[in-house]
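Engineer: got a predicted structure plus its sequence, pasted below:
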Amino acid sequence: MRGIIFASNRSVEEDDHMGVRKGPWTEEEDSKLANYIATHGEGHWNSVARFAGLRRTGKSCRLRWLNYLRPDVRRGNITLQEQLLILDLHSQWGNRWSKIAQHLPGRTDNEIKNYWRTRVIKQAKQLKCDVKSKQFRDAMRYVWMPRLLEQIQASSQYQPVQPNLCISITASATQQDMCQSEVPSIESSCDIQVPSSSYTGSQVLNSAENGSDLFPQLGWDVQGFEQGNDFGAVDSLESFLNEENILFLQQQLCDDLSCV
DNA sequence: AAGTAAAGCAACCGCCTACTT
DNA sequence: CAAGTAGGCGGTTGCTTTACT
């Protein structure tokens, strides 16, 4: 566990006046907190901090438990399905990390937030556009997310896709959309909505496979976009935004989207 | 091998809201 | 109703690790 090694090697700051410890948690502190919660349950974090013999704030205890010690916390790489879900839910709700995390069992809001900041924003920078811009959001909806769907479909030949995974890709995340999308729809298929019409996930996949133009509003040629690219790679993000694709997207963003 | 930059991530901070007194 | 408190959330920081020169 990287975190424990990480924590044990770092110095711990202590507030002399209050006797409150800050900084990384030690194994001993983790053990005290976990044991206390195992006996008394979660909640009343200030009491937890006091009665567990921890010189931490209640907030710090809560955060440590939720983000690290909780038994159902999932660690490791974000899967393709999770990436797709994060992109979709973020397009609906914005930076509502805890709300997004509720739909990714075992993932914490902190982890999703970190994923977004380190991976997604990085890609926006490579495209030389703001992550909040319409251009980047469109790139996500019309290229990146369908691509993720395709990869999920491809990988499902070897391992089953989450049965209740449902993605609703909306054309534009207006305030109205956001109000209407409080809860993601739960369906057995994946509905992809583009500005003038609606496509199912399989249609998107077939379209991508056959090279038909599913994104006429943008004037993007999916087949052309894909040529020469290795989309069989596991890491969708890095394979999606290789140098060739970035140049292509930059060109499209300049030529087409500015006119939409 | 050493130095530097970039990436990844745990933890803190400050604000907001809900609840209690 | 107002004040105080606790919990929750998003933004940010800073340390460690990894990649690169």
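Structural biologist: Yep, that arrived.
Engineer: show me what from the stretch 51-200 of chain A comes close to DNA strand C.
Structural biologist: Taking C-beta under 7 Å from any atom of the strand as the contact definition, the stretch 51-200 of chain A meets DNA strand C at A:58-59, A:62-63, A:95-99, A:109-110, A:113-114, A:117. C-beta here means a position set from N, CA and C on the backbone, and glycine is covered the same way.
Engineer: nearest to A:Trp45 among the residues you listed?
Structural biologist: A:Gly58 (3.3 Å; C-beta to C-beta).
Engineer: who touches that closest one in this structure?
Structural biologist: Applying C-beta atoms under 8 Å, 6 or more residues apart in numbering, we find A:Gly58 in contact with A:His44, A:Trp45, A:Asn46, A:Ser47, A:Val48, A:Ala49.
Engineer: which of the helices or strands spans the third one?
Structural biologist: Translated: A:Asn46. A:Asn46 is part of helix A:45-51 when elements are defined by DSSP states H and E.
Engineer: how is chain A carved up into domains?
Structural biologist: A:2-69, A:80-259 (automatic domain parsing).
Engineer: worst mean pLDDT among these?
Structural biologist: Mean pLDDT per stretch puts domain A:80-259 lowest among the domains of chain A, at a mean of 59.
Engineer: could you list which of the residues of the stretch 51-200 of chain A next to DNA strand C belong to helices?
Structural biologist: Among those, the members found in helices (DSSP state H) are A:Gly58, A:Lys59, A:Arg62, A:Leu63, A:Trp97, A:Ser98, A:Lys99, A:Asp109, A:Asn110, A:Lys113, A:Asn114.
Engineer: tell me what the strand or helix carrying A:Ala139 is packed against?
Structural biologist: A:Ala139 belongs to helix A:134-139 when assigned by DSSP H and E. Packing partners of helix A:134-139 (3 or more C-beta pairs under 8 Å, 6 or more residues apart in numbering; DSSP states H and E): helix A:243-255.
Engineer: just to revisit the earlier point, for DNA strand B, state which of the ones in helices among the residues of the stretch 51-200 of chain A next to DNA strand C is nearest.
Structural biologist: A:Asn114 (4.3 Å; C-beta to the nearest atom of the strand).
Engineer: in stretch A:71-81, what counts as buried?
Structural biologist: In terms of neighbour count (16 or more other C-beta atoms under 10 Å), stretch A:71-81 has its buried residues at A:Ile78, A:Thr79, A:Leu80, A:Gln81.
Engineer: rewinding a little: show residues contacting the helix holding A:Asn46.
Structural biologist: Taking C-beta under 8 Å, 6+ apart as the rule, helix A:45-51 contacts A:33, A:36-37, A:40, A:54-62.
Engineer: so which of the residues you listed are also by DNA strand B?
Structural biologist: Near DNA strand B, by the rule C-beta under 7 Å from any atom of the strand, you find A:Arg56, A:Lys59, A:Ser60 out of those.
Engineer: look up phi and psi at A:Val73.
Structural biologist: phi -70, psi 130 (degrees, to the nearest 10).
Engineer: now A:Arg107
Structural biologist: phi -100, psi 140.
Engineer: so it makes contact with A:Ala101?
Structural biologist: Yes. Judged on C-beta atoms under 8 Å, A:Arg107 makes contact with A:Ala101 at a distance of 5.5 Å.
Engineer: re earlier: which of the contacts of A:Gly58 are buried? Put it as a ChimeraX command.
Structural biologist: One line in ChimeraX is enough to select the buried members of the contacts of A:Gly58, burial here meaning 16+ other C-beta under 10 Å:
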select /A:45,48,49
